[in-house]
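1. Starting from these lines, generate the structure:
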Amino acid sequence: MSWHVTTYYCTTCGFRTSDTGSWGLKEYVLSTGVRLTIDWRLGWGHDCKSVRAVELLDLQIAEEVLRQIQSELAASTFNPKKWWCHLFKLIPNLWRFNLEHWQSSKDAYDDALDIVELIRNRQAARKCLSCGGTHVVAPLVTNAEATLENGGFAKTGFVHPECGGDMYMTEEGVRLAIKPVARRYTTEGEFIDDEALSGYSGPERQYYEDRQQHNRAKRVSFGR
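-> Now for the predicted structure:
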């Protein structure tokens, strides 16, 4: 699968760049070894002087995600911790289906809980995920009416800090396929390393399944 390239440009000074530098999976690595996808937004890094991926670290959003998943789990009639649910084992396919669905929801809950705790305990300000600088602005696009349908262009609502010109965005019909990479960071947003992954532009589904198995094992070893 290839992705559309979005170009951002200033109408005053001629600055021009694309969003390709923000592509790729980004993960926090907790002290327990659990890996979580970073919630980020395309923004502006003043140290990089360009369009960059910036951490979100929005506690309100993270807590709302947690509440939604918690409500879904509470509303579920299936819970393998309840003895009567094991009667589903009399129909193996039904047991397997319900168990996989419950486990997926439980994994999502654990991830959401860890993200909330990460944000609450975070000491550093949010960072540019390219250079680690904290002088950032995000999101870049604040114009609610911005749309790129039919290959057009749109005003982002962002003013270019270098010259005061208006920043626009456009899709010029270019699509790229890249080798997926996972960039990993500490819970304080410090870059650790990156890993080339199998896949075509994005990681294969197996990567996420393996990561959840890894996270479950780490949580069990730490009594979660």
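2. Poorly predicted segments of this protein, please.
-> Applying pLDDT under 70 to the predicted model, the residue ranges of the chain that meet it are 1, 78, 80, 82-85, 87-91, 94-95, 99, 149-151.
3. Which helix in this structure has the most residues?
-> helix 92-121 (DSSP state H).
4. tell me what the following helix or strand past that one is packed against?
-> Moving toward the C-terminus from helix 92-121, the first helix or strand encountered (DSSP states H and E) is strand 136-137. With contacts defined as 3 or more C-beta pairs under 8 Å, 6 or more residues apart in numbering; DSSP states H and E, the packing partners of strand 136-137 are strand 40-45, strand 50-55. Yep, even glycine has a C-beta here, placed from its N, CA and C like the rest.
5. Any idea how far apart the tips of stretch 165-184 sit?
-> End-to-end distance for stretch 165-184, by C-alpha to C-alpha, to the nearest Å: 34 Å.
6. if we can go back for a sec, need the winner for burial among the helices and strands packed on strand 136-137.
-> Each of those was assessed for mean neighbour count using mean count of other C-beta atoms under 10 Å. The highest is strand 50-55, with a mean of 24.
7. The longest strand anywhere in the chain pairs with which strands?
-> With secondary structure taken from DSSP state E, the chain has its longest strand at strand 166-176. The pairing partners recorded for strand 166-176 under DSSP bridges are strand 3-10 (antiparallel), strand 153-159 (antiparallel).
8. Can you get me a residue count around the nearest residue to residue 5 once chain neighbours are set aside?
-> Sequence neighbours aside, residue 174 is the residue nearest to residue 5 in space, at 4.4 Å (criterion: C-beta to C-beta, 6 or more residues apart in numbering). Residues near residue 174, counting by other C-beta atoms under 10 Å, number 13.
9. Please tell me how far residue 174 sits from residue 164.
-> In this structure, residue 174 lies at 28 Å from residue 164, with C-beta to C-beta, to the nearest Å as the measure.
10. picking that back up, now the residue nearest to residue 5: how far from residue 181?
-> Here the criterion is C-beta to C-beta. By it, residue 174 lies 20 Å from residue 181.
11. ok so, going back, only alpha carbons, please: show the longest strand of the chain as CSV.
-> Output in CSV follows, covering the C-alpha atoms of strand 166-176 (Å, rounded to 0.1, in the frame of the first residue of the first chain):
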residue,chain,number,x,y,z
ASP,A,166,0.3,31.7,5.5
MET,A,167,1.0,28.0,5.3
TYR,A,168,-1.0,26.0,2.8
MET,A,169,-1.2,22.3,2.1
THR,A,170,-1.8,20.3,-1.1
GLU,A,171,-1.7,16.8,-2.6
GLU,A,172,0.0,16.8,-5.9
GLY,A,173,-0.8,13.2,-6.9
VAL,A,174,2.4,11.7,-5.6
ARG,A,175,2.2,8.4,-3.7
LEU,A,176,5.1,6.7,-2.0
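12. got the buried residues for the helix or strand that comes right after it?
-> Moving toward the C-terminus from strand 166-176, the next helix or strand (DSSP H and E) is strand 181-185. By neighbour count with 16 or more other C-beta atoms under 10 Å, strand 181-185 contains the buried residues 182-185.
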